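Asker: Make a model of this:
(one chain, ligands or ions: 2)
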Amino acid sequence: MTEQAIKWWQKAVVYQVYPRSFQDSNNDGIGDLKGIESRLDYVKKLGADVIWLNPVYDSPNEDNGYDISDYEAINPEFGSMEDFESLLEEAHARGIKIVMDLVVNHSSSKHQWFIESKSSKDNDKRDFYIWRDPVDGHEPNNWGSFFAGPAWKFDETTGQYYMHLFAEGQPDLNWANPEVRQTVFDMMNRWVDKGIDGFRMDVISLLSKPDGLPDGPIPEDAHYASSNDMVANGPKIHDYIQEMREKVLNNADIMTVGEASNVDIENAKRYAAKDGSELNMVFQFEHMELDDNPNPALGKWDNAPLYLPKLKKNLTKWQNELAGVAWNSLYWENHDQPRSVSRFGSDKPEFHNVSAKMLATLLHFMQGTPYIYQGQEIGMTNAYNLGWDDFNDIDIKNARRYLVERDGLIDADTLLDYVHYKGRDNARTPMQWTDGENAGFTTGTPWLKMNNNFDTINVDAALNDENSIFYHYQKLIAFRHDLDIVTTGRYELLDPEDEQVYAYKRVGENEELLVINSFAEESIVREFDVPENAEILISNYKDDAGHTLRPYESKVYRYAK
Ligand code: TEU
Ligand code: CA
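Answerer: Ligands and ions are numbered 1, 2, ... in the order given. Next comes the predicted model:
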C-alpha cells in the first residue's frame with residue numbers, strides 16, 4: 001500500500017460514546033448530548049479522530065436506544081436536535097468526526113410504521129415488517145431471539161406472528177420490500193446532509209432473510225434454532241449494501257463500519273472490500289465468541305478464561321486474510337461486551353495498570369482501525385457490585401427468564417457469576433470522571449448503578465498520573481498517526497503455540513516492529529531475536545529486562561531492516 005492510497009479512516013482511531021452513561025448535564029441521572037459536548041476536549045486530549053455515538057434517536061428504550069421509534073428525532077432524554085447540531089459543530093471545530101449508529105434491521109414496535117403495519121393486513125405499511133400465519137397454532141418457524149426466547153410474537157389484531165430477531169419491541173423490517181429500502185436510504189441521506197461523518201451499522205449482516213424462512217437445527221438442551229446461523233449473510237445482503245452504496249454512501253466522504261454478526265472471512269472480504277463497493281470495514285465477532293460456553297444452549301454465558309493460542313489463531317487469520325484486499329476493525333470492548341481488563345487481563349490492583357496497557361498495545365499495533373470504548377482508556381473494570389435488582393439489560397434479564405426460570409439449565413447464582421464476567425451492563429455503568437459524588441457523572445440518581453471502584457479508577461486520577469493507562473493510549477494513538485508502518489506493515493505471528501505470550505511483527509519496506517505481550521502473572525523467560533540497533537518504542541515497564549518478561553509485560557521494538 002502506498003502512502004497516497006491510505007484513506008483517512010485507515011489512520012483514524014475511534015472513541016465510542018454510550019450517551020446514556022457518558023456525562024449527565026442536567027442531573028436527571030441520564031447522560032446527554034450537552035454532557036458529551038462538555039467532554040469533547042477530553043476526547044481531543046486522548047487524540048481520537050472520530051466519535052461513534054450509540055443511538056441517540058427517539059426510543060422507548062426496551063433495548064436502550066436500539067429500538068428506534070423515530071429515526072429523525074433525538075430522544076428528549078438526550079436533548080434536542082439543536083443540541084445534536086451543536087455537538088456536531090463543536091466536534092468538527094476540534095477536528096473530531098461524528099459517526100452515527102444506524103439501526104435498520106428492526107425498528108421499535110412503537111414506531112409509527114409498525115403501529116400502522118399491525119393495524120390490519122391490508123394497511124400500506126403491512127409489508128414493512130415480516131408477518132406470517134401460525135403453523136399448527138405455533139410460531140411460523142423454530143428460530144430463537146438473540147436475547148433468548150422465540151424470534152416471533154403473536155399479534156391478536158390480525159392473528160399473525162411478526163418476526164423479532166431481538167426483543168419483542170424490535171420487529172424486523174422487511175428489507176425484501178423496495179419501499180422499505182428507499183425509505184431507509186432517504187432517511188440516511190438526510191443525516192448525511194446534516195453533516196455527519198459516517199455510520200456504524202447495527203447487525204447489518206442480518207438484513208436479508210433466507211427464502212421460505214426454513215427451520216434450523218436445534219442444539220441439544222435448547223428450544224430454538226440459532227437465527228444468527230439462519231439469517232447472517234443472507235442471499236440478498238450484498239445487493240442491499242451495494243444499493244445503499246449507490247444511493248447514499250457515495251454521496252459523501254463518510255466512514256462506514258458494519259456490525260456483522262456471524263461474518264466469515266469470505267463475506268467480510270466483500271463487505272469491507274478495498275474497491276469501496278460496499279462498506280469500509282466490519283466488526284467481526286469471532287474473537288468475542290472464543291470463550292463462549294461449550295454448550296450452545298448457554299451461548300455466551302460462561303466464565304472460563306480464554307485459551308491464548310485460540311485468540312492468536314483467530315486474530316491472525318483476520319489480519320492475514322484481509323491484508324491487501326479489505327480492512328479490519330480492531331476492538332476488545334463495546335457496549336455489548338464486558339470490560340477487557342477484567343476478561344482478558346487482570347483487574348487485581350497489582351496487575352490492573354500493566355495488563356490494561358498490554359491489551360492496548362497488542363491491539364493498537366495491528367492492522368485495522370482501532371475502537372476504544374469509553375472508560376477503556378482508564379481501565380474501567382467489570383461491575384461486580386451490581387446484583388439482580390440493579391441490572392437494566394434485557395439480554396441479562398432474558399437469560400434469567402429463559403435459561404434459569406423456564407429451562408432450568410443453570411441456577412441463578414451460576415448465571416450471576418457469568419453475568420459478572422460477560423454481561424453487557426459491565427460496560428454500561430456510568431463513566432468515572434472523579435472520585436466525588438457518582439464519579440462526577442451526575443448529582444442525580446444514575447440510571448444504572450455506578451461501579452463502586454471510582455474512588456481509584458477515574459479520569460482525574462488518570463490525568464494526574466503520567467504513568468496512567470490514559471497516557472499509554474494517547475501514545476498509541478499518536479504512533480498510529482505518525483508511523484505509516486502501523487497502517488501498512490505486513491503482520492507476522494510468532495510462536496503460535498505459546499500459551500503465555502502473544503508476539504508478532506509488523507514488517508515494512510525498511511523497518512520492522514516487534515510487538516511482545518505477556519499474559520502471564522509471573523515473570524517468564526522468552527528469547528526473541530532483537531537486533532542491536534532496536535529501540536523500544538513503547539512499554540508498560542520503566543526499563544527493558546531483556547529475555548525476562550515481567551507480569552503482563554508488553555514492549556514494542558522498532559528497528560531498521
Ligand atoms: O448487537 C448485536 C448482537 O448480535 C450482539 O452484540 C448481542 O447484543 C449480544 O450478543 C447479546 O448477547 C447490536 C447492538 O450492538 C446491541 O446493543 C443491540 O442490542 C442489538 O444489536 C439489537 O439492536
Ligand atoms: Ca441528563
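Asker: contacts, neighbours, all on C-alpha from now
Answerer: Will do.
Asker: quick one, what contacts the residue in the stretch 351-500 of the chain that ligand 2 sits nearest to?
Answerer: Using C-alpha to the ion, Thr442 is the residue of the stretch 351-500 of the chain that sits closest to ligand 2, at 8.1 Å. For Thr442, the contacting residues are Gln23, Asp24, Ser25, Asn26, Asn27, Asp28, Gly29, Ile30, by C-alpha atoms under 8 Å, 6 or more residues apart in numbering.
Asker: tell me the domain boundaries of the protein?
Answerer: According to automatic domain parsing, the chain comprises the domains 9-105+178-384+425-475, 112-163, 489-560.
Asker: Dump the ones you listed to CSV, plus mean pLDDT.
Answerer: Listed next are the domains of the chain as CSV, based on pLDDT from 0 to 100:
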stretch, mean pLDDT
domain 9-105+178-384+425-475, 98
domain 112-163, 97
domain 489-560, 97
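Asker: for the residue at minimal distance from the centre of the chain, what are its contacts?
Answerer: Using C-alpha atoms, centre = their mean, the residue of the chain that lies closest to the mean C-alpha position is Asn334, 3.7 Å off. Applying C-alpha under 8 Å, 6+ apart, we find Asn334 in contact with Gln16, Ile372, Tyr373, Ala427.
Asker: any idea how far Met288 is from it?
Answerer: To Met288, Asn334 is 11 Å away according to C-alpha to C-alpha, to the nearest Å.
Asker: got the phi/psi numbers for the residue in the stretch 101-250 of the chain positioned nearest to ligand 2?
Answerer: Minimum separation of the stretch 101-250 of the chain from ligand 2 (C-alpha to the ion) falls at Asp101, amounting to 19.8 Å. Main-chain torsions, Asp101, degrees, to the nearest 10: phi -80, psi 140.
Asker: Spit out the contact partners of the nearest residue to it once chain neighbours are set aside.
Answerer: Distance criterion C-alpha to C-alpha, 6 or more residues apart in numbering; nearest residue to Asp101, sequence neighbours excluded, is Arg200 at 4.8 Å. By C-alpha under 8 Å, 6+ apart, Arg200 lies in contact with Trp52, Val99, Met100, Asp101, Leu102, Thr256, Val257, Gly258, Glu259.
Asker: Please confirm that Arg200 is located within a strand.
Answerer: Yes. Assessed with DSSP: H, G, I helix; E, B strand; the rest coil, Arg200 lies in a strand.
Asker: what pairs with it across the strands?
Answerer: Under DSSP bridges, the beta-bridge partners of Arg200 are Asp101, Val257.
Asker: any idea how far the residue lying closest to Asp455 once chain neighbours are set aside lies from Val459?
Answerer: Among residues not flanking Asp455 along the chain, Asp435 sits closest, at 4.4 Å (C-alpha to C-alpha, 6+ apart). According to C-alpha to C-alpha, Asp435 stands 9 Å off from Val459.
Asker: Name the residue in the two with the higher neighbour count.
Answerer: Val459 (25 against 17; other C-alpha atoms under 10 Å).
Asker: Please verify my assumption that the more buried one contacts Gly440.
Answerer: No. Assessed by C-alpha atoms under 8 Å, Val459 is found out of contact with Gly440, at 9.8 Å.
Asker: Next, the contact list for Phe84, please.
Answerer: Leu33, Ile74.
Asker: now whichever residue of the chain sits closest to ligand 1: how far from Ser329?
Answerer: Nearest residue of the chain to ligand 1, counting by C-alpha to the nearest ligand atom: Tyr66, 4.5 Å away. To Ser329, Tyr66 is 21 Å away according to C-alpha to C-alpha.
Asker: rewinding a little: can you put the contacts of Thr442 in TSV and add secondary structure and neighbour count?
Answerer: TSV is the format used below for the contacts of Thr442 (DSSP: H, G, I helix; E, B strand; the rest coil; neighbours: other C-alpha atoms under 10 Å):
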residue	secondary structure	neighbour count
Gln23	coil	28
Asp24	coil	27
Ser25	coil	21
Asn26	coil	16
Asn27	coil	15
Asp28	coil	15
Gly29	coil	22
Ile30	coil	24
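Asker: Make CSV out of those and add distance to His352.
Answerer: Below are these laid out as CSV (distance: C-alpha to C-alpha, whole Å):
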residue, distance to His352
Gln23, 24
Asp24, 27
Ser25, 30
Asn26, 33
Asn27, 31
Asp28, 32
Gly29, 29
Ile30, 28
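Asker: and of those residues, the nearest to Ile196?
Answerer: Gln23 (21.2 Å; C-alpha to C-alpha).
Asker: pretty sure the closest one contacts Ile36?
Answerer: Yes. The pair Gln23 / Ile36 is scored as a contact, 6.0 Å apart, by C-alpha under 8 Å.
Asker: Burial check on Val56, number of neighbours?
Answerer: Val56 has 28 neighbouring residues, counting by other C-alpha under 10 Å.
Asker: follow-up on the earlier one: distance check, the residue of the chain closest to ligand 1 against Lys274.
Answerer: According to C-alpha to C-alpha, Tyr66 and Lys274 sit 29 Å apart.
Asker: Which of those two has more residues huddled nearby?
Answerer: A direct count of neighbours by other C-alpha under 10 Å for Tyr66 and Lys274 places Tyr66 higher, at 28 against 18.
Asker: Just list the residues touching that one, thanks.
Answerer: So Tyr66 contacts Pro55, Ser59, Val103, Ser107, Ser108 (C-alpha under 8 Å, 6+ apart).
Asker: quick one: the last one and Ser69 touch, right?
Answerer: Yes. The pair Ser108 and Ser69 qualifies as a contact (C-alpha under 8 Å) at a distance of 5.1 Å.
Asker: Mutual contacts of these two, please.
Answerer: Common contact partners of Ser108 and Ser69 (C-alpha under 8 Å, 6+ apart): Ser59, Pro60.
Asker: Show me which of these two is the more surrounded one.
Answerer: Higher neighbour count among Ser108 and Ser69: Ser108, with 29 against 23, using other C-alpha under 10 Å.
Asker: Return the residues in contact with the residue nearest to the more buried one when sequence neighbours are not counted.
Answerer: Distances taken as C-alpha to C-alpha, 6+ apart place Asp67 nearest to Ser108, at 4.2 Å, with adjacent residues excluded. By C-alpha under 8 Å, 6+ apart, Asp67 lies in contact with Ser59, Pro60, Asn61, Val103, His106, Ser107, Ser108, Ser109, Gly169, Gln170.
Asker: mind checking how far Ser523 is from Val43?
Answerer: 35 Å.
Asker: Revised request: answer the last question for Asp32.
Answerer: Asp32 is 16 Å from Val43, by C-alpha to C-alpha.
Asker: Straight-line length of stretch 297-313, end to end?
Answerer: Using C-alpha to C-alpha, the end-to-end distance of stretch 297-313 comes to 25 Å.
Asker: swap in stretch 442-452?
Answerer: Taking C-alpha to C-alpha, stretch 442-452 runs 15 Å from one end to the other.
Asker: Stretch 137-146 now?
Answerer: End to end - C-alpha to C-alpha - stretch 137-146 spans 23 Å.
Asker: Check stretch 336-354 too.
Answerer: From its first residue to its last, stretch 336-354 covers 24 Å (C-alpha to C-alpha).
Asker: Helix, strand, or coil at the residue nearest to the centre of the chain?
Answerer: Going by three-state DSSP: Asn334 is coil.
Asker: thinking again about what came up before, I figured the residue of the stretch 101-250 of the chain closest to ligand 2 hits Val203, correct?
Answerer: No. Look at Asp101 against Val203 with C-alpha under 8 Å: they stay out of range, at 10.7 Å.
Asker: For Phe454, state which of the contacts of Tyr66 is nearest.
Answerer: Nearest to Phe454 among the contacts of Tyr66 is Pro55, at 25.8 Å by C-alpha to C-alpha.
Asker: and the closest one, what does it touch?
Answerer: Pro19, Gly65, Tyr66, Met100, Asp101, Leu102, Val103.
Asker: Not counting its neighbours along the chain, what's nearest Asp155?
Answerer: Counting by C-alpha to C-alpha, 6+ apart, Asp155 lies nearest to Tyr161, which is 5.8 Å off, once chain neighbours are set aside.
Asker: So that neighbour lies in a strand, does it not?
Answerer: Yes. Assigned with three-state DSSP, Tyr161 falls within a strand.
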